[in-house]
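Undergrad: Just to be clear, the model below is a prediction. Sequence and coordinates:
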Amino acid sequence: MPITASLCRRKNLRFNNKIYTDKREVLFMRKVISLNKGWMFHKGDIEVNYPVNDDKGPVYSQSKTIRKHTGPAAYGYYDAFNPYYRFKDIDMRSGNWKHVNVPHDYIIGQTPTEEGNCATGYFIYDNAWYRKHFEPDQEWKGKRVILQFGGIAGDATIYLNGCLMKHNFSAFNEFDVDITDNIYFDRENVLAIYVFGKRFEGWWYQGAGIYRNVNLVVTEPVALDRYGVYAPATKVNDKLWRVDFQSTVVNDYDEDKNIAVESDIVDVDGTVVATAKAEGKAEFRSKTTLKYFSEVNNPKIWDTETPNLYKVVTRVYVDGVLSDEDYTRIGFRTIAVDAKNGFILNGRKVLIKGVCMHQDFGLTGLVLPDNVAKYKLDLIKQMGSNGVRLCHYMHCERTMDLLDEMGMIVFDETRWFESTEESLEQLRVLVMRDRNRPSVVFWSTGNEEYYQKTAEGPRIHNRMAALIRKLDNTRFITSAQSNDPHLSTVFPYCDVISINYNHRFYDEIHEMYPDKPVLSSENCATGTTRDWLIESNNYGRVRDKDRDTNHWFLGREKNWKFFTERSYIMGGYQWDSIEHRGEAVWPQLCSKSGAIDLFLQKKGAFYQNVSHWTDEPMAHIVPHWNLKGLEGEEVVVTVYTNCEELELYLNGVSLGKQEIEKYGHGEWNVAYEPGELKVIGRKGGKDVVEHVRKTTKKPYRLVLRQDLKFKADGSEVGLFTCECVDEDGLVVPNASPFVKFSVNEEFEIVGTGSDNCDHNKVTLPERKMYEGKITIAVRSKGEAVASSSTSAPLTILPTPKEMKLYAMNDDLGMAVIKVDVEK
């Protein structure tokens, strides 16, 4: 039966009329153990000698619980950790195995080739094997032992000790593998994973491998289920909020158990502001959900500018003995949508200034270190964005945590517009994982699906929507449509109408559905290339200037004016925030639509977004003013600004004033001459900001700056930018030297990148500079330095404290930067 809340922490707990103090008996507590280090990896398939025609024995033996006695899934397969192979088949020993840590993307290190598919990044995709040996702790006996995979790119087949444990058919979903019944306690265990990396799942860079974290979770047989606590908060009145808990408990015993659950709501200072509990019976070998509630007075509200989060700590007791504890986070906020006023957050209208985002990073592929995930979102936030659409799949848990912490309005999307068992399970996991997150406002059932305008579409959508509502009925369900959205058969069943591009149909669709709010789920897609000035070229580059591509892909200025002129549109998500690999035309290797380039350098579009989405006075001149060879020729100078008036000066001479309409820009045709180009921005007739571009002298030396700090354990990468300066110390924006990089032995260069038309491997420690910048990613080797083959042991190094990065050019000399590394 439910037990209502107490608004203060209790010193004693009463279950079944028995009192337990804070020093109550505790069973084995939940352990989360990282399995990221110490894997063996083999790229490509490995030939397995299958039984010959007259040999029944191998067929019989491999039709049992242990499916694999031969091949890389077999327990006794030869590798560095297990140097014997009982079947003595020399073919099984062949192949190039090497030590790796995960997360790991085995595609990104390739050389791009035109033979690869343009949509998936011009790489050749292949299959692979992973193996890992691990020793169990004896205290795990009698416990639940679960493998948790954050994501494996490619279809994955999981084996433990030769036993087939699971097939997973998506690169993007998190999934669990219960190994409780199969784990060995008298010897080491061998985990083998086959990745079928040749199947594509989208029209963007796919990557391949175990590219997210792998954890082993050990609990008592009675414990909270994965994503087992649901805690939606509802506003009762101006001061009081109610939190309704649904806690799902797994009972892995062969008998029913008397259980109790207790949840504390904890504020950012660690103060328990409310407690609630419930009792019940957990049926054997099943899951039981207990419902109860709590009330909170005057919580701090989660909002875009004040993203206050609370922790919900939930404990499970069996006959009064503590059995498990875990936590989730929640935020107190109200959301509503209105056909006239758009999106309402905490009672106020909020225009969604959103961007779309894929998960990859140009130098690490699908692997997204935690600090890089934050850096990407920091850049997005700097643009003035308050929303992110997660395209077009389940993104990693760390990204979701950051979106909560940064106050973003999230459009959360599943990969497949399907009502099949497999796709519904992926949708279930997505909703279960993210349903407590205050940042998540929209659930999307699909993107640009042909079935969205057929008779089948509503049947698929409605089954998906029904599942979502059973799991979470507090958010808005939609489906992003681009193909003839005015003919949609799905829109009548959506809470919010989401349109990709197609501005010409917005007003018509609004007339068709006058009571439904409208959202631009995708817009713009206007390609630019960082600091590129020429319209026509042979490099697949596009001028770094806003423009309309066609009636579908309007520029940023026209897009934003269009949305702000229509109150029924709640804003939208711009395509896209950051260039992503794939969706390209050779020699380009990535989509050109990002406001930030593939290597996380800002493009002109970044500053245009700032001018639309922020109030702090700003002005930014495009292009730079190193235009040797164009003397006397007219150059279009664009200034992005949120000021009311601009005045442009060339070498101290005014080139005229311009009044700037809201969300507009300044533009002059200027006869180029070297020197100083300066713009002054004014509001209310007063000078409030200026921006200067100067013609520099020739490159004189290299300089390095650190953009992103990193940890010494090997889990993160540091990001650095190499630039050239002239003899006066001014950055030369069009410098193009060839630069070689190196680091001290405890570190390694993960990748370098500058030009998104550069077809050399990103893993190379040398690069020709494009338009004045090279991005370098550096990682600590951590405690274990992996050898290149299985024949050499791991070398143990002390944890490094200082990193030295060197940049070298024959003419410009050497630059060095020394940084302390976080432990």
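TA: Nice, I can see it.
Undergrad: Where do the helices of this protein begin and end?
TA: 56-61, 370-382, 397-405, 421-434, 456-471, 506-512, 556-564, 604-613 (DSSP state H).
Undergrad: Which strands or helices does the last one pack on?
TA: Applying 3 or more Cβ pairs under 8 Å, 6 or more residues apart in numbering; DSSP states H and E, one finds that helix 604-613 makes contact with strand 352-357, helix 370-382, helix 556-564, strand 619-622, strand 634-641. The C-beta positions use only the backbone N, C-alpha and C, and glycine is treated the same way.
Undergrad: so which of those is the most packed in?
TA: When you average the neighbours per residue for each of the helices and strands packed on helix 604-613 (mean count of other Cβ atoms under 10 Å), strand 352-357 leads with a mean of 26.
Undergrad: partners of it in the sheet?
TA: strand 387-390 (parallel), strand 569-575 (parallel) (DSSP bridges).
Undergrad: What's the mean pLDDT across that strand?
TA: Averaging pLDDT along strand 352-357 yields 99.
Undergrad: Please find the angle between the direction vectors of it and helix 370-382.
TA: Relative orientation of strand 352-357 and helix 370-382, computed by axes from the mean of the first three to the mean of the last three Cα atoms, to 10 degrees: 140 degrees.
Undergrad: of all the helices of the chain, which lies closest to residue 313?
TA: helix 397-405 (16.3 Å; Cβ to Cβ).
Undergrad: Now do the buried residues in the closest one.
TA: Within helix 397-405, the residues scored as buried using 16 or more other Cβ atoms under 10 Å are 397, 398, 399, 400, 401, 402, 403, 404.
Undergrad: Also stretch 329-336?
TA: Applying a neighbour-count criterion of 16+ other Cβ under 10 Å, one finds 329, 330, 331, 332, 333, 335 buried in stretch 329-336.
Undergrad: per-residue confidence averaged over it?
TA: Mean per-residue pLDDT for stretch 329-336: 99.
Undergrad: Now do the end-to-end distance for that stretch.
TA: 21 Å (Cα to Cα, to the nearest Å).
Undergrad: what sits up against that stretch?
TA: The contact list for stretch 329-336, computed with Cβ atoms under 8 Å, 6 or more residues apart in numbering, reads 231-233, 235, 241, 243, 265, 296, 299-303, 307-312, 343-347, 401, 404, 436-439, 441, 475-476.
Undergrad: So which of the helices of the chain is nearest residue 99?
TA: Of all those, it is helix 370-382 that lies closest to residue 99, at 22.5 Å by Cβ to Cβ.
Undergrad: returning to what we had before: and among the strands paired with strand 352-357, the most buried is which?
TA: By mean count of other Cβ under 10 Å, these have strand 387-390 as the most buried, with a mean of 28.
Undergrad: which ones are touching the closest residue to residue 304 other than its chain neighbours?
TA: With Cβ to Cβ, 6 or more residues apart in numbering as the measure, residue 407 is the residue that lies nearest to residue 304, at 4.2 Å, once sequence neighbours are left out. Contacts for residue 407 (Cβ under 8 Å, 6+ apart) come out as 302, 303, 304, 305, 306, 307, 386, 439.
Undergrad: The first one is in contact with residue 345, isn't it?
TA: Translated: residue 302. No - Residue 302 sits out of contact with residue 345 when judged by Cβ atoms under 8 Å, with a separation of 9.2 Å.
Undergrad: quick one, which of those two is more surrounded?
TA: residue 302 (24 against 21; other Cβ atoms under 10 Å).
Undergrad: State the distance from that one to residue 310.
TA: From residue 302 across to residue 310, the span is 9 Å (Cβ to Cβ, to the nearest Å).
Undergrad: How about residue 629?
TA: According to Cβ to Cβ, residue 629 and residue 310 sit 60 Å apart.
Undergrad: do the same with residue 494
TA: For residue 494, the distance to residue 310 - Cβ to Cβ - is 31 Å.
Undergrad: Distance check, the spatially most central residue of the chain against residue 580.
TA: Nearest residue to the geometric centre of the chain (Cα atoms, centre = their mean): residue 359, 4.1 Å. Between residue 359 and residue 580 the distance is 8 Å, computed by Cβ to Cβ.
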